[in-house]
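A.B. asks: Give me coordinates for this.
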Amino acid sequence: MNKVIIIGAGPSGLEAAITCREQGLDVLVLDEYMIAGGRLLGQLYEQPDGTWWNGLEESKIRYEKALELGTRFLLNTPVNNIVQTNEHWTVYTDTESFTAKHLLLATGAAETPVPVPGWTLPGVMSVGAAQVMTNVHRVKPGNRGVIIGVNVLSTAIAMELKLAGIEVVAMTLPVNSQVTNESSQPKEVMNSLLHVSHMAPSKFIKLGSRLMKNDFMKNMGVTFFPKTGVKIWDIPIQLRKAVVEIYGDNEVQGVIVATIDSKGDVVGGSEEKIKADFVCIAGGLYPLAELAAVAGCSFYYSEELGGYVPLHSERMETNLDGLYVAGNITGIEGAKVAIAQGKTAGLTIAHHAGIPGLEKDIQTSIESIERARDKAYIQFHPGVKKGKELLLAEWQNRLGE
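C.D. replies: Below is the predicted model of the structure:
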């Protein structure tokens, strides 16, 4: 029997494994992917201090450290069920089952698909898939691409594609529908982009973003936003254009875009074609929490955190004994926050496993999560801090009941 099982070998899972092993606990890590690192693998960007955050290197460092400490890994091993019996957790895979008293779910996040006419053509992919192809496998998804969906994730990945020598000819909105909702509204998209304006290479754009503090200025910004777009990293970001169709015979040949008004409605007769050999769809991320639901975990809905997340404490405990969560399953944030959460989860597990004298370390690690959140270079939602505060209040309310 394993002392601790961790599902997910991303940044939070790896950090939790290291922390548990440093406390002398037996650890088994399961992950469905063939390489440890999770979404950390595809990340590559320049930090405010001029250094580069290289997800591949960060993953390698943590994976090798976990191995040196004696962590057992089973990669390329999907988990299909978890069951609690007699104060132990049994984890089922396609080949065998494993049992432990302590189980950490560090399953991360998944991309939200956005349907666009023509999206089944070869050459259409999620923006995350393009990131993995480029940064992990060193394979270009194409030479000339269009990104549908302007958000924090797609903006960061567009920059990474440019670094790889790939031409991104346009970033546009999806056409307005019940499915696309706010992602097709120019004002809502502009509001979200204000939180990554510090990444813009132009001082003019950075200065302009500071002026967009109230609804009047935002409405003015949308109304007079150039129909040809504003270039960032030489990529036209077009908030007044939407893709109405992806076209091609047997593969992607381009997209048909149309001008939209400030409410996101298509202006008739404004359609035009943009040639491209690949298209990325960016619908955003949501917490991958199915296994927590299977376990019977209580949930909490928060738009700021990306949707439904397992209800949990600041120590990363759930309402079920021996079940813990860390990383993007708790809300969509960056890798550094996930790493800090992994450490907290690892220390909490060690505490519940009977390792004495960890209370001060746990409190310090909780404070580290807050510092990582406050310093985050990329925030996926401006209200994430508020979302976490409301979640913790709900945890305390239910705990009191």
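A.B. asks: you'd agree residue 13 is in a helix?
C.D. replies: Yes: Residue 13 sits within a helix when classified using DSSP: H, G, I helix; E, B strand; the rest coil.
A.B. asks: Number of residues surrounding the nearest residue to it once chain neighbours are set aside?
C.D. replies: Distances taken as C-beta to C-beta, 6 or more residues apart in numbering place residue 106 nearest to residue 13, at 3.6 Å, with adjacent residues excluded. Yep, even glycine has a C-beta here, placed from its N, CA and C like the rest. With neighbours defined by other C-beta atoms under 10 Å, the count for residue 106 comes to 32.
A.B. asks: so what's residue 106 up against?
C.D. replies: Residues near residue 106 by C-beta atoms under 8 Å, 6 or more residues apart in numbering: 6-10, 12-13, 16, 325-327, 329, 338, 342, 345.
A.B. asks: how about a cut-off of 10 Å?
C.D. replies: By C-beta atoms under 10 Å, 6 or more residues apart in numbering, residue 106 lies in contact with 6-17, 29, 31, 38, 288, 316, 324-330, 338, 341-342, 345.
A.B. asks: In PyMOL, select just the buried ones from the residues you listed.
C.D. replies: To isolate the buried ones among the contacts of residue 106 in PyMOL, judged by 16 or more other C-beta atoms under 10 Å, type:
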select buried, resi 6+7+8+9+10+11+12+13+14+15+16+17+29+31+38+288+316+324+325+326+327+328+329+330+338+341+342+345
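A.B. asks: What about the contacts of residue 106, which are in helices?
C.D. replies: Judged by DSSP state H, the contacts of residue 106 include 11-17, 338, 341-342, 345 as members of helices.
A.B. asks: ok, back up a step: per-residue pLDDT, the residue nearest to residue 13?
C.D. replies: pLDDT, residue 106: 98.
A.B. asks: so which helix or strand takes in residue 361?
C.D. replies: In this structure, residue 361 sits in helix 359-374 according to DSSP states H and E.
A.B. asks: For the residue nearest to residue 13, give me phi and psi.
C.D. replies: Phi and psi for residue 106, reported as degrees, to the nearest 10, are phi -120, psi 50.
A.B. asks: Kindly report the same for residue 236.
C.D. replies: phi -70, psi 120.
A.B. asks: Which strand residues bridge it?
C.D. replies: Note on residue 236: beta-bridge partners by DSSP bridges are residue 231.
A.B. asks: any idea how far the closest residue to residue 270 other than its chain neighbours is from residue 115?
C.D. replies: In this structure, residue 270 finds its nearest non-sequential neighbour in residue 259, 3.8 Å apart by C-beta to C-beta, 6+ apart. In this view, residue 259 and residue 115 are 21 Å apart by C-beta to C-beta, to the nearest Å.
A.B. asks: more neighbours, the two?
C.D. replies: residue 259 (16 against 13).
A.B. asks: tell me what the helix or strand that contains that one is packed against?
C.D. replies: Here residue 259 sits within strand 254-259, counting by DSSP H and E. The contact analysis (3 or more C-beta pairs under 10 Å, 6 or more residues apart in numbering; DSSP states H and E) places strand 254-259 against strand 144-148, strand 167-174, strand 235-247, strand 272-275.
A.B. asks: Point out the most buried one among those.
C.D. replies: Most buried of the helices and strands packed on strand 254-259, by mean neighbour count (mean count of other C-beta atoms under 10 Å): strand 144-148, with a mean of 24.
A.B. asks: mind checking how far the closest residue to residue 277 other than its chain neighbours is from residue 155?
C.D. replies: Residue nearest to residue 277 in three dimensions, not counting chain neighbours: residue 142, with 4.2 Å by C-beta to C-beta, 6+ apart. Applying C-beta to C-beta, the value for residue 142 to residue 155 is 19 Å.
A.B. asks: Who has more neighbours out of these two?
C.D. replies: Comparing residue 142 with residue 155 by other C-beta under 10 Å, the one with more neighbours is residue 155, at 25 against 20.
A.B. asks: Assess the claim that the more buried one and residue 280 are in contact.
C.D. replies: No: judged on C-beta atoms under 10 Å, residue 155 makes no contact with residue 280 at a distance of 11.9 Å.
A.B. asks: Now list whatever residues contact both of those two.
C.D. replies: With C-beta under 10 Å, 6+ apart as the test, residue 155 and residue 280 both reach 127, 147, 149, 171.
A.B. asks: okay, those in CSV with pLDDT and distance to residue 391 next?
C.D. replies: CSV is the format used below for the shared contacts of residue 155 and residue 280 (pLDDT from 0 to 100; distance: C-beta to C-beta, whole Å):
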residue, pLDDT, distance to residue 391
127, 94, 27
147, 96, 31
149, 91, 26
171, 93, 32
